[in-house]
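# The amino acid sequence is not available; the structure is as follows:
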């Protein structure tokens, strides 16, 4: 999977590649779709949600340009796979999931796998997790129709956010907080499940 789907498509960050090699993706998918765990496609995980295709997980993580001491906010815990990748690279991961059953399942699995630097919250991800802000990096794993300003506000100066935006057609963006404001760069077209909110 790593050679054919990730390295061959231009992902170069050795820490991302090492994490993708090390973390057993099949543990994060339901047993009935385990045969598809390493395919280059999203896989359903229940509750209308999916685990993103391996390349997108690697690409989004690389775009965050994480450092070992970084504090990261993840919106959309989902299966916990992306969470595990982040936790293998950065110091602290704060992850928010609105669907309680997914959050609890991910908490149990990640604890079994020995992660001790992940903090979980069940709630509406559009509001982020203000108590622990600001963050060095924010990753959003489901698509809001427009950019949530509350998330932008929780970025540190120099902080980066990778987020898919749009309803029918979506684009992946990299946002960087600079002294002059937030710089936005369009990365590539993507397809994500919609970001579930309480509204």
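Right, received. Where do you want to start? Quantities reported herein were computed from a predicted structural model and do not represent experimental measurements. Residues are numbered from 1 along each chain as shown.
# how near is the residue lying farthest from the centre of the chain to residue 162?
Farthest-out residue of the chain from its mean C-alpha position, per CA atoms, centre = their mean: residue 180, at 26.5 Å. Per CB to CB, to the nearest Å, residue 180 is found 20 Å from residue 162. (Glycine included, C-beta is placed from N, CA and C.)
# for residue 152, same thing?
13 Å.
# Between the two, which has more neighbouring residues?
Taking other CB atoms under 10 Å, residue 152 and residue 162 do not tie; residue 162 has more neighbours (21 against 18).
# mind listing what that one touches?
60, 63-64, 137-140, 172-175, 187 (CB atoms under 8 Å, 6 or more residues apart in numbering).
# is it in a bridge, and if so with what?
Following DSSP bridges, residue 162 is listed with bridge partners residue 139, residue 174.
# can you give me the helices in the protein?
14-22, 54-63, 81-87, 100-112, 149-152 (DSSP state H).
# all strands of this structure, in order?
43-46, 49-51, 71-75, 92-97, 118-122, 135-140, 155-165, 170-178, 181-190 (DSSP state E).
# Rebuild those as CSV, extending it with mean pLDDT and distance to residue 146.
Below are these laid out as CSV (pLDDT from 0 to 100; distance: least, CB to CB, whole Å):
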stretch, mean pLDDT, distance to residue 146
strand 43-46, 92, 26
strand 49-51, 91, 21
strand 71-75, 99, 14
strand 92-97, 99, 18
strand 118-122, 99, 23
strand 135-140, 99, 12
strand 155-165, 98, 7
strand 170-178, 97, 11
strand 181-190, 95, 12
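# Format those as TSV; extra columns: distance to residue 81.
Output for the strands of the chain, formatted as TSV (distance: least, CB to CB, whole Å):
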stretch	distance to residue 81
strand 43-46	9
strand 49-51	5
strand 71-75	11
strand 92-97	11
strand 118-122	12
strand 135-140	12
strand 155-165	16
strand 170-178	18
strand 181-190	17
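# Which residues belonging to stretch 182-199 are considered buried?
For stretch 182-199, a neighbour-count test (16 or more other CB atoms under 10 Å) marks 190, 192-193, 195-196 as buried.
# of all those, which comes closest to residue 130?
The nearest member of the buried residues of stretch 182-199 to residue 130, counting by CB to CB, is residue 195 at 17.3 Å.
# Isn't that closest one up against residue 125?
Yes - in terms of CB atoms under 8 Å, residue 195 counts as a neighbour of residue 125; the distance is 6.5 Å.
# overlap in contacts of those two?
Contacts common to residue 195 and residue 125, judged by CB under 8 Å, 6+ apart, are 75-76, 140, 142.
# confidence score at residue 199?
Turning to residue 199, the model gives it a pLDDT of 60.
# what do residue 152 and residue 162 both touch?
Common neighbours of residue 152 and residue 162 (CB under 8 Å, 6+ apart) are residue 175.
# what about the nearest residue to residue 81 once chain neighbours are set aside, distance to residue 91?
Nearest residue to residue 81, sequence neighbours excluded (CB to CB, 6 or more residues apart in numbering): residue 28, at 4.1 Å. Residue 28 sits 22 Å away from residue 91, going by CB to CB.
# what do you get for residue 11?
Distance from residue 11 to residue 91, by CB to CB: 22 Å.
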